[in-house]
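Peer 1: Below: sequence and its predicted model.
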Amino acid sequence: MSVLPVEIDKLSDDLESIDKQLVALLAKRAQISTKIGHYKSRAGSPIYVAEKEVDALSVRKEEAQRLGVSPTLVEDLMRRIMRESYHTKSSEFLCTNPDLKKVVVIGGAGALGRIFVDLFKRSGYRVEVLEEADWERSEVILGDAGLVLVAVPIKLTESIISRLTNLPKNCVLADVTSTKQKPLAAMIKAHQGPVVGLHPMFGPDVPSLVKQVVVVCHGREPEQYDWLLQQIRNWGGVLQQCEAKEHDDAMVFIQVMRHFCSFVFGSHLAGEDPDLQQLISLSSPIYRLELGMVGRLFAQAPALYADIIFDNKDSVAMLTEFSVKFNQALSLVESNDKEKFIEQFNQVSAWFGEYAKQSLVDSKQLLLKADDDRTLIDNC
């Protein structure tokens, strides 16, 4: 039995009314969550607490189940709403060390440096920026500093640190470089006071530090910079502590190999010169995401990625070994040895273990989002 057009119009009107109510409720929720964020920031409570988020999601999913609504749908909606709430900028944060005289960010005019300058200022600290043109006044700028944060390109980090030999004894010296062994050793050599190595695992385009990982490599007198770690937690950052060598060894896999593979893939595409728009239009969500991650690399500063790849002492050895594995896999294709390929596939699958299954589940939501975005892309 066909539905009369008038009934469709009525139902469509009902849906539009509900959608308007949803938007109004989201606006009201945003106002309340912003106020809560301001109160928590002033009180020094972390913006993000993993346990509370898990509990809230669990309650909402149970409610959805009782009402006959997909718990997965409700979880997706709540996670998106929460993420928006986290990224609502607080006007201020609690200052965990109000007695600190001054923060100096060397390279504070750079992309990453600006993030920390802004966060420290909104936490009530007096902040000064030291750039190359300011070194004639560096003695004055650094004279009463309680924290000096080095946020310069990797290739400049050690030479800049070597100039910091006259800092106040109790001043905390820290860096935010993506390698840790050499900068940490350089800071310990140059400065007799508290030293800590930090590596923010995010780029300059993050809307906030909520859920962003910051690696901590301890140097000297950790009790003197505990306030700094607590300040990062208050900003929403998640601290991961490890030894400097352990960090650098991990970065070969996390950063060097991934960036290098993306570079080679992008270079190969550019050399072959296929129709990029056709590749995008013919791709499934997973391939579009992978292509998007490659494209993302080439939208950023090449010097940054050159420093990351070239300045890690283990880069050449690891990438050479990777090229051996690549050629071995290629030989299986050349010899049409599918059986050996499947055998190796299963070996790798066993190494990933349960993480492979979890990745299949986790990636599903990313793929659905990418599929939703296809309509927007196709209609542009």
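Peer 2: Looks like it arrived, so ask away. Numbers count the residues shown, from 1 in each chain.
Peer 1: could you pull out the strands for the chain?
Peer 2: Using DSSP state E, the strands of the chain run over 103-106, 127-130, 147-150, 172-175, 195-200, 213-220, 238-241.
Peer 1: So for this protein, which residue is the most central one in space?
Peer 2: Centroid check for the chain by CA atoms, centre = their mean gives Phe202 as the closest residue, at 3.2 Å.
Peer 1: Tell me how many other residues surround Ala186.
Peer 2: 23 (other CB atoms under 10 Å). Just so you know, the C-beta spots here come from the backbone N, C-alpha and C atoms, and that holds for glycine as well.
Peer 1: follow-up on the earlier one: tell me the contacts of the residue nearest to the residue nearest to the centre of the chain when sequence neighbours are not counted?
Peer 2: Computed as CB to CB, 6 or more residues apart in numbering, the closest residue to Phe202 that is not its neighbour in sequence is Gln212, at 4.6 Å. With contacts defined as CB atoms under 8 Å, 6 or more residues apart in numbering, the neighbours of Gln212 are Pro200, Met201, Phe202, Val206, Gly236, Gly237, Val238.
Peer 1: List the buried residues of stretch 30-38.
Peer 2: Buried residues in stretch 30-38, counted by 16 or more other CB atoms under 10 Å: Ser33, Gly37.
Peer 1: show me what contacts Asp273?
Peer 2: Asp273 touches nothing, counting by CB under 8 Å, 6+ apart.
Peer 1: typo on my end, Leu164
Peer 2: Residues near Leu164 by CB under 8 Å, 6+ apart: Leu142, Val148, Val150, Leu173, Met187, Ala190, His191.
Peer 1: Verify the stated contact: the first one with Leu130.
Peer 2: Yes: contact between Leu142 and Leu130 holds when scored by CB atoms under 8 Å: they sit 7.3 Å apart.
Peer 1: who's more crowded, the two?
Peer 2: Neighbour count, other CB under 10 Å: between Leu142 and Leu130, Leu130 has more, with 24 against 20.
Peer 1: and the closest residue to the more buried one other than its chain neighbours, what are its bridge partners?
Peer 2: Distances taken as CB to CB, 6+ apart put Ile106 closest to Leu130, at 4.7 Å, once the chain neighbours are dropped. For Ile106, the beta-bridge partners are Leu130, Val150 (DSSP bridges).
Peer 1: rewinding a little: what do Leu142 and Leu130 both touch?
Peer 2: Val104.
Peer 1: Have a look at this protein and report its longest helix.
Peer 2: helix 5-43 (DSSP state H).
Peer 1: Show me what it is packed up against.
Peer 2: helix 71-86 (3 or more CB pairs under 8 Å, 6 or more residues apart in numbering; DSSP states H and E).
Peer 1: ok, back up a step: per-residue confidence at the residue nearest to Leu130?
Peer 2: According to the prediction, Ile106 has pLDDT 98.
Peer 1: Could you tell me how far it is located from Val6?
Peer 2: In this structure, Ile106 and Val6 are 70 Å apart, going by CB to CB, to the nearest Å.
Peer 1: Between these two, tell me which one has more neighbours.
Peer 2: Between Ile106 and Val6, Ile106 has the larger neighbour count (other CB under 10 Å), namely 29 against 8.
Peer 1: Now do the same contact list for the more buried one.
Peer 2: Applying CB under 8 Å, 6+ apart to Ile106 gives the contacts Gly113, Val129, Leu130, Glu131, Val148, Leu149, Val150, Ala151, Val152, Ile160.
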